[in-house]
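Peer 1: Give me the fold of what follows.
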Amino acid sequence: MVRVAVLMLVLTAVAPARGQEPENRGRYAFVPVPEGALRLNTQTGEVSLCSGEGVALACRPVPDTAAAPLADASGRIPALEARVEALEARPAVGDILPDEEALDRVAVLADKVMRRFFGLVREMKRELEDEEL
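Peer 2: I've put the predicted structure just below:
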């Protein structure tokens, strides 16, 4: 996030006014910052922080924190595409719903199960009443 803000600052500082072409545009553009100077490579977009004094001036590349999530995402894209294909290959909801005949068979089966269950309950109730006498 900080890198994006710094880059935006650099770009606004070195960008020419709209509609005007720079007369002598070099490969690098420098912007002073409290730590030294930011060097923008106008051909590649690479940003470096230059600091030091005299001949001991050194420029270190500013880490590109925005590229890390993109690298992570590039590994996930094929997995997500495969998952989407698998989900699209599933039958539609209308294709997996049972037809009327299957529903009738289920209803008949449920009726038989309930009748047997209540028959067992009546039988157990009779046995309990017989034992109490």
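Peer 1: Could you use CA atoms for every contact and neighbour count after this?
Peer 2: Noted.
Peer 1: Pull up the gap between the one residue sitting closest to the centre of the chain and L80, please.
Peer 2: For the chain, the residue nearest the mean C-alpha position is A73 (7.8 Å; C-alpha atoms, centre = their mean). Noted for A73: a distance of 10 Å to L80, by C-alpha to C-alpha, to the nearest Å.
Peer 1: And the residue nearest to the centre of the chain, how close does it get to G54?
Peer 2: Look at A73 and G54: by C-alpha to C-alpha, they are 43 Å apart.
Peer 1: what's the answer for D104, then?
Peer 2: Separation of D104 from G54 (C-alpha to C-alpha) stands at 92 Å.
Peer 1: The longest helix seen in the chain - contacts with which helices or strands?
Peer 2: As assigned by DSSP state H, the longest helix anywhere in the chain is helix 100-132. Packing contacts for helix 100-132, counted by 3 or more C-alpha pairs under 8 Å, 6 or more residues apart in numbering; DSSP states H and E, involve no helix or strand.
Peer 1: what's the average pLDDT for it?
Peer 2: Averaging pLDDT along helix 100-132 yields 92.
Peer 1: now the strands for this structure?
Peer 2: 28-33, 36-41, 47-51, 58-61 (DSSP state E).
Peer 1: Can you point out the buried residues in the third one?
Peer 2: Judged by neighbour count using 16 or more other C-alpha atoms under 10 Å, the buried positions of strand 47-51 are 47-51.
Peer 1: Looking at those, spot the one nearest C59.
Peer 2: Nearest to C59 out of these is C50 (C-alpha to C-alpha; 3.9 Å).
Peer 1: My understanding was that the closest one contacts L40; is that so?
Peer 2: No: the criterion here is C-alpha atoms under 8 Å, and C50 misses it with L40 at 10.4 Å.
Peer 1: end-to-end on stretch 45-59?
Peer 2: End-to-end distance of stretch 45-59 (C-alpha to C-alpha): 15 Å.
Peer 1: cool, stretch 83-101 as well?
Peer 2: By C-alpha to C-alpha, the extent of stretch 83-101 from end to end equals 34 Å.
Peer 1: Distance from that stretch to the middle of the chain?
Peer 2: Centroid separation between stretch 83-101 and its chain, computed with C-alpha atoms, centre = their mean, to the nearest Å, is 26 Å.
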